[in-house]
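Colleague: Mind folding the following:
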Amino acid sequence: MEYVQAVLLQLAFQVPLLALWIFGIVMAAQRRRVYPALTWVVVGLTALCLLRLVSTGVNIGLPLWASGRGYSAVATGQLLAVTGIGQLVVELSAWVCLLVGLFGVMRPQPSGVRQSAVEK
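Modeller: Numbering: from 1, shown residues only. Below you'll find the predicted structure:
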């Protein structure tokens, strides 16, 4: 129960950021037909949201798990470093998707796709 409370407390502080990313996912998903590159924005923001949720659980749970198994503080730190590298790789990939999607929007529309009234 302590683990769940700790994770929920950490996630409570991240609700504004997660809400903003979810709003971005919804907005990009609605506009994908006009701007196909926004699919990458959906992928990137979804990955960032999932990474935030998973990494919060791992960063709290791994030290608890390691201490229960008798790992030293150094060994626990090494485990956290390895998971941190994995988190960094996923986060960098998500940001690449996000940037590709955002700057891909500026490409010309394929023929047969109508422009929205805002762009005219």
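Colleague: from here on, contacts and neighbour counts on C-alpha atoms
Modeller: Noted.
Colleague: my guess is Leu6 contacts Ile60, does it?
Modeller: Check again: residue 6 is Ala, not Leu. Yes: in this structure Ala6 lies within contact range of Ile60 using Cα atoms under 8 Å: 7.3 Å.
Colleague: how far away is the residue positioned nearest the centre of the chain from Val15?
Modeller: Centroid check for the chain by Cα atoms, centre = their mean gives Leu48 as the closest residue, at 0.5 Å. Counting by Cα to Cα, to the nearest Å, the separation of Leu48 from Val15 is 13 Å.
Colleague: same question, Gly24
Modeller: Taking Cα to Cα, one finds Gly24 at 14 Å from Val15.
Colleague: Tell me which of the two has more neighbours.
Modeller: Gly24 (16 against 11; other Cα atoms under 10 Å).
Colleague: Give the buried residues for the helix or strand where the residue nearest to the centre of the chain lies.
Modeller: Following DSSP states H and E, the helix or strand that holds Leu48 is helix 38-68. Residues of helix 38-68 classed as buried: 38-49, 51-53, 55-58, 60, 62-63, 66 (neighbour count, 16 or more other Cα atoms under 10 Å).
Colleague: which helices and strands sit right next to that helix?
Modeller: Helix 38-68 sits against helix 2-30, helix 73-104, with contacts defined as 3 or more Cα pairs under 8 Å, 6 or more residues apart in numbering; DSSP states H and E.
Colleague: from these, which stretch is densest packed?
Modeller: helix 73-104 (a mean of 16; mean count of other Cα atoms under 10 Å).
Colleague: Thought Thr56 was touching Gln10, still the case?
Modeller: Yes: shown here, Gln10 and Thr56 form a contact pair, counting by Cα under 8 Å, at 7.1 Å.
Colleague: How about the contacts made by the residue lying closest to Val100 once chain neighbours are set aside?
Modeller: Excluding its sequence neighbours, the residue lying closest to Val100 (Cα to Cα, 6 or more residues apart in numbering) is Trp40, at 6.6 Å. For Trp40, the contacting residues are Cys97, Leu98, Val100, Gly101, Leu102, by Cα atoms under 8 Å, 6 or more residues apart in numbering.
Colleague: Right, I'll call it a day here.
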